[in-house]
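Asks: coords below, sequence missing:
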């Protein structure tokens, strides 16, 4: 997760002898605070490029090794999806908490206004 990096990140791409993968969800979990717009290319194009690099780097591997790496890719994709889900859940919870606070603040303000009006009415009756 980005904590010590300066600036925001839209893309974190990992390259290896076995291929390339967009690992942004692993390092930028709080996209509101640390994420930059991902507008350099459409997501489908980025995924296609990553698939093509993986295909090129794995084309001469034996089937057993390719199968092992594909299993690793699936586990990593599942992990990344979990990061995205957790990030979205945090944002939804934050929105709900903020809206609840706002409603509570509005209720408190309304109660204070009612109390001031009641006090004024009592003062006027005593005159």
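Replies: Structure's in. What do you need? Remember, predicted model here, so these are calculated numbers, not experimental data.
Asks: What ranges does the protein have for its helices?
Replies: For the chain, the helices defined by DSSP state H cover 24-27, 31-34, 43-58, 63-126.
Asks: With residue 16 as the reference, name the closest of those.
Replies: helix 43-58 (7.9 Å; C-beta to C-beta). Heads up, the C-betas are built off the backbone N, CA and C, glycines and all.
Asks: and that closest one, what does it pack onto?
Replies: Judged by 3 or more C-beta pairs under 8 Å, 6 or more residues apart in numbering; DSSP states H and E, helix 43-58 is in contact with strand 13-16, strand 19-22, helix 63-126.
Asks: Compare those and report which one is nearest to residue 32.
Replies: helix 63-126 (6.5 Å).
Asks: The closest one packs against which elements?
Replies: strand 19-22, helix 24-27, helix 43-58.
Asks: where's the spatially most central residue of the chain relative to residue 46, distance?
Replies: In the chain, the centroid-proximal residue (C-alpha atoms, centre = their mean) is residue 87; its distance is 3.8 Å. For residue 87, the distance to residue 46 (C-beta to C-beta, to the nearest Å) stands at 18 Å.
Asks: Redo the helices of the chain as a markdown table? Include distance to residue 9.
Replies: As requested, these are exported to a markdown table (distance: least, C-beta to C-beta, whole Å):
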| stretch | distance to residue 9 |
| --- | --- |
| helix 24-27 | 7 |
| helix 31-34 | 7 |
| helix 43-58 | 14 |
| helix 63-126 | 14 |
